[in-house]
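Colleague: quick one: sequence plus predicted model below, questions after.
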Amino acid sequence: MKSFVWFVVGIAAGFAVAHQVNKTSQGKQFFDELDRKAHDFGAAVSEGYRKREAELRSAIDQAEETIADLS
């Protein structure tokens, strides 16, 4: 329980510090860049997921055609 309390205190302190840093121009720039990088990463993961899903659907379609030809 003691570890959980310290965990919550650490999160609260982190948010408080981040809020104060975000008020400065350098902090605002840092968080804007961090947000952009996180967005780019999410977009790359999403694009990779869609590409892989298309590859797997294509492989399934080919397998179904092959099975149908064998029947």
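Modeller: Good, I have the coordinates.

Colleague: the residue positioned nearest the centre of the chain in helix, strand or coil?
Modeller: Taking Cα atoms, centre = their mean, the centroid of the chain lies closest to G42, which sits 4.3 Å from it. Following DSSP: H, G, I helix; E, B strand; the rest coil, G42 is assigned to helix.

Colleague: so it versus D69, what's the distance?
Modeller: Noted for G42: a distance of 41 Å to D69, by Cβ to Cβ, to the nearest Å. Any C-beta I mention is one placed from the backbone N, CA and C, and that applies to glycine too.

Colleague: ok, A38 next?
Modeller: The value you get for A38 to D69, if Cβ to Cβ is used, is 47 Å.

Colleague: ok, A54 next?
Modeller: Distance of A54 to D69, computed by Cβ to Cβ: 23 Å.

Colleague: quick one: which of those two has more around it?
Modeller: The neighbour count for A54 versus D69, taken as other Cβ atoms under 10 Å, is higher for A54 (10 against 7).

Colleague: now the strand or helix carrying that one: average pLDDT?
Modeller: Secondary structure from DSSP states H and E places A54 in helix 25-70. Mean pLDDT, helix 25-70: 96.

Colleague: which helices and strands does that helix pack with?
Modeller: When contacts are defined as 3 or more Cβ pairs under 8 Å, 6 or more residues apart in numbering; DSSP states H and E, helix 25-70 sits against helix 2-22.

Colleague: quick one, the helix it packs on and helix 25-70 angle?
Modeller: 110 degrees (axes from the mean of the first three to the mean of the last three Cα atoms, to 10 degrees).

Colleague: touching helix 2-22 from outside, list them.
Modeller: 27-28, 30-31 (Cβ atoms under 8 Å, 6 or more residues apart in numbering).

Colleague: what about 7 Å?
Modeller: 27-28, 31 (Cβ atoms under 7 Å, 6 or more residues apart in numbering).

Colleague: which parts of that helix are buried?
Modeller: Of the residues in helix 2-22, none count as buried by neighbour count, 16 or more other Cβ atoms under 10 Å.
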